[in-house]
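[1] Predicted model, plus sequence, below.
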Amino acid sequence: MIRTRSGCFTSCILLAASAASLSGCAGSSPTRIGLVDSAPVSAYGQTDYSAVEKTNYLLRPSDVVTITVFREPDLSVENTPVGADGMLSLPLIGSIKVDGLTARQLEQDIRSRLTPSLVNPVVSVNIMQFGSHVVTVEGAVEKPGMYAFKPGTRLSGAISLAAGPNRVAKLTEIAVFRQTASGMAVAKFDYAAVRAGTMMDPVLEPSDRVVLGTSGLSVFWQDLLKTLPAFALFTNL
């Protein structure tokens, strides 16, 4: 078959047009390539939330630690939970407050307490379980419940722990309740925007409560939500 120059030219034009069309379709996706916007949206009540993972973990009640004093097995403890009062009982030392300390700070504290009895004590602290890290996930998810999570887990991770949104989930209305030093806070997140990279995916804190859609909230939580500044952000109440 003989193809003329004009035929080839026409074919090239059609191929170029098709490529441009495909390029335009690909560009219509809202997903962002590159850096994700991690800034909190104050209008959504997100000022108490962050997408930055904390580098130094602070011990909390129910965490489980193993403390080793080099060549002193009688002074070492294994898999010992931190009490509800934030205290830990250790041989020779007695009860000490560990709530709010990093593992390195606890090592230094124990070392200083042992120094009068031992020469240059070598102490290591390892966190075996993060028992305090529990998040409640409810609302329009497949498997509502309370889930243990590792430090650094994000909102999207909490939703995954609950087997994801159900078929009727309203992804634009996710409430995250958090107890702060100044009281209970709540922020609104748009899960579709989080997945697209146009809204931050906040790092969870122990005892956070994640609710997909607010219509299924108990009377207690609905009444609490109505008292918070972010109430106007939600349309299901």
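    Yep, that arrived. Numbers count the residues shown, from 1 in each chain.

[2] how's the chain carved up into domains?
    Domain assignment for the chain by automatic domain parsing gives 42-54+132-233, 64-129.

[3] which stretch in those is the model least sure about?
    Here the lowest mean pLDDT among the domains of the chain goes to domain 42-54+132-233, at a mean of 86.

[4] helices or strands up against the helix or strand containing residue 112?
    Assigned by DSSP states H and E, residue 112 belongs to helix 103-114. Using 3 or more CB pairs under 8 Å, 6 or more residues apart in numbering; DSSP states H and E, the elements in contact with helix 103-114 are strand 64-69, strand 94-97, strand 123-129. (C-beta placed from N, C-alpha, C; glycine too.)

[5] Which of those strands has the highest mean neighbour count?
    When those are scored by mean count of other CB atoms under 10 Å, the highest mean neighbour count falls to strand 64-69 (a mean of 18).

[6] list the helices and strands the helix or strand following that one packs on?
    Scanning forward in sequence from strand 64-69 by DSSP H and E, the next helix or strand is strand 77-81. With contacts taken as 3+ CB pairs under 8 Å, 6+ apart, strand 77-81 sits against strand 64-69, strand 87-90.

[7] do you know which of the helices and strands packed on helix 103-114 lies nearest residue 115?
    Relative to residue 115, the nearest member of those by CB to CB is strand 123-129, separated by 10.4 Å.

[8] So which residues make contact with the closest one?
    Residues outside strand 123-129 that contact it (CB atoms under 8 Å, 6 or more residues apart in numbering): 57, 59, 63-70, 79, 103-104, 106-107, 110-111, 114.

[9] What degree of burial does residue 204 show, as a neighbour count?
    Using other CB atoms under 10 Å, residue 204 is surrounded by 23 other residues.

[10] That one touches residue 154, doesn't it?
    Yes - proximity of residue 204 to residue 154 meets the contact threshold set by CB atoms under 8 Å, at 6.5 Å.

[11] buried set for stretch 165-173?
    The neighbour-count check on stretch 165-173 (16 or more other CB atoms under 10 Å) flags 165, 169, 170, 171, 173 as buried.

[12] ends of that stretch, how far apart?
    12 Å (CA to CA, to the nearest Å).

[13] from the middle of its chain, how far away would that stretch be?
    Computed by CA atoms, centre = their mean, to the nearest Å, the chain-centroid distance of stretch 165-173 equals 19 Å.

[14] swap in stretch 53-63?
    Computed by CA atoms, centre = their mean, the chain-centroid distance of stretch 53-63 equals 13 Å.

[15] which parts of it are buried?
    Residues 57, 59, 60, 61, 62, 63 are the ones in stretch 53-63 that count as buried (16+ other CB under 10 Å).

[16] What is the linear distance spanned by that stretch between its boundary residues?
    End-to-end distance of stretch 53-63: 19 Å, with CA to CA as the criterion.

[17] and if you look at stretch 47-65?
    Note: stretch 47-65 ends 32 Å apart using CA to CA.

[18] Work out the gap between that stretch and the centre of the chain.
    Mean-position distance between stretch 47-65 and its chain equals 10 Å (CA atoms, centre = their mean).
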